[in-house]
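Student: Sequence and computational prediction follow.
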Amino acid sequence: MFEGPPKRGARWEADYASFVRSRTPALRSTAYVLCGDWHRADDLLQTTLLKLYLVWPRLVRHGELDGYARRVLVRAFLHENRRKWRSREHSAAELPDIQAERDPDHEQRMVVRAALASVPPKQRAVLVLRYWNDLSVEDTAAALGCSEGNVKSQSARGLSTLRKALKGAYA
């Protein structure tokens with residue numbers, strides 16, 4: 001028989017809220033680099049935080065909160081990219097007619113983001129974890145639930161795809 005979610009306490013809630021406050025910027029940044037869209041990044045972050053909330057008492061006892069949060073985030077991203085309707089979804093909102101200040105590296109970042117978007121999702125996840133989050137091969141394998149050899153081969157393929165996409169921009 002279903003007994004419902006684990007009992008919540010003031011200390012439990014405070015620990016979770018503290019973790020969310022401290023790790024949200026890094027997780028949101030990782031989500032953005034994965035998907036290239038702030039709205040989707042916020043959706044991925046929300047999904048991740050909800051899943052963390054549901055299993056929080058078990059996570060606190062076992063440690064490794066950052067690694068688990070990254071793993072949940074990447075898996076949510078990969079799962080979202082498997083859904084067929086995602087390719088048909090388009091934003092209908094009109095952008096405001098306000099000119100924002102551009103920083104000097106804006107164009108270069110846009111080129112790199114566009115090139116990263118051309119990398120397949122699994123390879124992109126490996127690249128983001130390895131080079132954006134600066135994880136080791138072992139930690140990346142643990143986050144993705146795959147072998148270290150798989151991480152190495154996905155890294156090599158992803159970097160090759162990224163180089164090809166960037167070749168036209170910097171040739």
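Tutor: Yep, that arrived.

Student: now what about the helix or strand bottoming out on mean pLDDT in the chain, what contacts it?
Tutor: Lowest on mean pLDDT, DSSP states H and E among the helices and strands of the chain sits helix 106-117, with a mean of 84. Residues outside helix 106-117 that contact it (C-beta atoms under 8 Å, 6 or more residues apart in numbering): 33, 36, 124, 127, 162, 165-166, 169. C-beta: built from backbone N, CA, C; applies to glycine.

Student: Contacts only, for the residue nearest the centre of the chain.
Tutor: Nearest to the geometric centre of the chain sits A31, at 3.1 Å (C-alpha atoms, centre = their mean). Residues in contact with A31 (C-beta under 8 Å, 6+ apart) are 40-42, 44-45, 48, 73, 77.

Student: is it possible to export these to JSON lines including distance to R157?
Tutor: Below are the contacts of A31 laid out as JSON lines (distance: C-beta to C-beta, whole Å):
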{"residue": "R40", "distance to R157": "24"}
{"residue": "A41", "distance to R157": "24"}
{"residue": "D42", "distance to R157": "29"}
{"residue": "L44", "distance to R157": "23"}
{"residue": "L45", "distance to R157": "27"}
{"residue": "T48", "distance to R157": "26"}
{"residue": "L73", "distance to R157": "22"}
{"residue": "F77", "distance to R157": "18"}
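
Student: Tell me which of those fall in helices.
Tutor: In helices, judged by DSSP state H, the following of the contacts of A31 are found: 40-42, 44-45, 48, 73, 77.

Student: Quick one: the residues you listed as JSON lines, columns for pLDDT too.
Tutor: Below are the ones in helices among the contacts of A31 laid out as JSON lines (pLDDT from 0 to 100):
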{"residue": "R40", "pLDDT": "93"}
{"residue": "A41", "pLDDT": "94"}
{"residue": "D42", "pLDDT": "96"}
{"residue": "L44", "pLDDT": "95"}
{"residue": "L45", "pLDDT": "96"}
{"residue": "T48", "pLDDT": "95"}
{"residue": "L73", "pLDDT": "94"}
{"residue": "F77", "pLDDT": "93"}
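
Student: what separates stretch 26-34 from the chain centre, distance-wise?
Tutor: Offset of stretch 26-34 from its chain centre (C-alpha atoms, centre = their mean, to the nearest Å): 5 Å.

Student: what comes up buried for that stretch?
Tutor: 27-28, 30-34 (16 or more other C-beta atoms under 10 Å).

Student: repeat for stretch 124-132
Tutor: 124-130.

Student: From those residues, pick the one nearest C146.
Tutor: Taking C-beta to C-beta as the measure, C146 lies nearest V126 of these, at 8.9 Å.
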